[in-house]
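Novice: sequence and predicted structure below; questions after.
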Amino acid sequence: MRRRSAVAAALLLLTATASVMALVTASVPLGLSLPPLTVRIAYEIQQRGIAYSWGGGHASDPGPSKGTCRGYRGSIKPCPAAKTRGLDCSGFTRWVYALAHGRDVLGPGNTDAHVRRMHRVSRPKPGDLVFFGKIGKKRIRTHHVGIYLGGGRMMNAPETGAVVRVDSIAEKKDLAGFYRY
């Protein structure tokens, strides 16, 4: 039953996206382009005010879920994740990419697992993923990911106590690179 409601919610979001796209596309002057689907979906999700939850978004299906306190190192004590339905950074990007691609292309893993499914790009485009941490030839140690919006900004689920929001990429010190699916 839970799987059906998650699928129904995803379909509802896709239907709403298609409706908005039809209206917006009709009003865009010729020669101008719309942002990629991943960016449009990220903004739709941001409008929902979904809370950050450590481990949220990693249930069998992408989308908001209760998080976990396993491995939690946040500043809010006691850990609120197990009682909070929401998304962590990789759960957010997983859900956006699943909606944009019609299937769970990133899978339930963390940022290290997700970066392995992508390829690095030197010239990022809106909709690419931006990873933070260290990515070497033999070892990957990432700790954060967001959806690149352009102009040095990203949409992300940043930390406990916050909601999905837009942040400057420059605010984080250890940019590991931009990746495309």
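Specialist: Received, thanks. Numbers count the residues shown, from 1 in each chain.
Novice: neighbours of the spatially closest residue to residue 51 that is not a sequence neighbour, just the number please.
Specialist: Spatial nearest neighbour of residue 51, excluding adjacent residues (Cβ to Cβ, 6 or more residues apart in numbering): residue 86 at 3.9 Å. Every residue, glycine included, has its C-beta placed from N, CA and C. Other residues within reach of residue 86, judged by other Cβ atoms under 10 Å, total 26.
Novice: tell me where the longest strand sits in the protein.
Specialist: strand 140-150 (DSSP state E).
Novice: following that strand, which helix or strand shows up next?
Specialist: strand 153-156 (DSSP states H and E).
Novice: what helices and strands are in contact with that following strand?
Specialist: helix 37-47, helix 89-101, strand 140-150, strand 165-168 (3 or more Cβ pairs under 8 Å, 6 or more residues apart in numbering; DSSP states H and E).
Novice: let's see that with 10 Å instead.
Specialist: Counting contacts by 3 or more Cβ pairs under 10 Å, 6 or more residues apart in numbering; DSSP states H and E, strand 153-156 is packed against helix 37-47, helix 89-101, strand 129-135, strand 140-150, strand 165-168.
Novice: and the following helix or strand past the first one, which strands flank it?
Specialist: Proceeding N to C from helix 37-47, the next assigned helix or strand is strand 65-66, under DSSP H and E. Within its sheet, and counting by DSSP bridges, strand 65-66 is paired with strand 85-86 (antiparallel).
Novice: run the chain-centre distance for the strand it pairs with.
Specialist: 13 Å (Cα atoms, centre = their mean, to the nearest Å).
Novice: what does that strand contact?
Specialist: By Cβ atoms under 10 Å, 6 or more residues apart in numbering, the surrounding residues in contact with strand 85-86 are 49-57, 63-67, 80, 92, 157, 160, 162-164.
Novice: thanks a lot, catch you later.
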